[in-house]
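Undergrad: Sequence and predicted structure are below.
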Amino acid sequence: MSDFDALETYNGDSEHDMWVDFDYNENTGELSDLFDETDLDPNIDTLNDWD
C-alpha cells in the first residue's frame, strides 16, 4: 500500500485514482451514482434471462 499513501489527490495513474475514489467513498459513506438502485434494477430483473 506504500504506493498509494497519498490518497487525497489524483495523480493520473488510473489504479491510484481508483484507490482515491474508493478511499473517499469509504471515509464519507457516500456511494457514486453508479450504484443507484434505479440503474441496477433493470439488470437484476433480467439476470435469469441470460444464457
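TA: Nice, thanks for sending it over.
Undergrad: Who's the closest spatial neighbour of residue 30, skipping the chain neighbours?
TA: residue 24 (7.6 Å; C-beta to C-beta, 6 or more residues apart in numbering). No exception for glycine: its C-beta is placed from N, CA and C like everyone else's.
Undergrad: Look up which helix or strand the one you found falls in, please.
TA: Secondary structure from DSSP states H and E places residue 24 in helix 14-28.
Undergrad: Buried residues of that helix, list them for me.
TA: The neighbour-count criterion (16 or more other C-beta atoms under 10 Å) identifies 19-20 as the buried residues of helix 14-28.
Undergrad: That one - what's its average pLDDT?
TA: Model confidence over helix 14-28 averages 85 on the pLDDT scale.
Undergrad: burial of the closest residue to residue 17 other than its chain neighbours, as a residue count?
TA: The shortest distance from residue 17 to any non-neighbouring residue, by C-beta to C-beta, 6+ apart, is to residue 10 (4.8 Å). When neighbours are defined as other C-beta atoms under 10 Å, residue 10 has 13 of them.
Undergrad: Renumber starting at 12 from here on
TA: With 12 as the first residue, the last one maps to residue 21.
Undergrad: Where does residue 21 sit: helix, strand or coil?
TA: When the structure is split into helix, strand and coil by DSSP: H, G, I helix; E, B strand; the rest coil, residue 21 lands in coil.
Undergrad: quick one: it and residue 27 touch, right?
TA: Yes. Counting by C-beta atoms under 8 Å, residue 27 is a contact partner of residue 21 at 7.4 Å.
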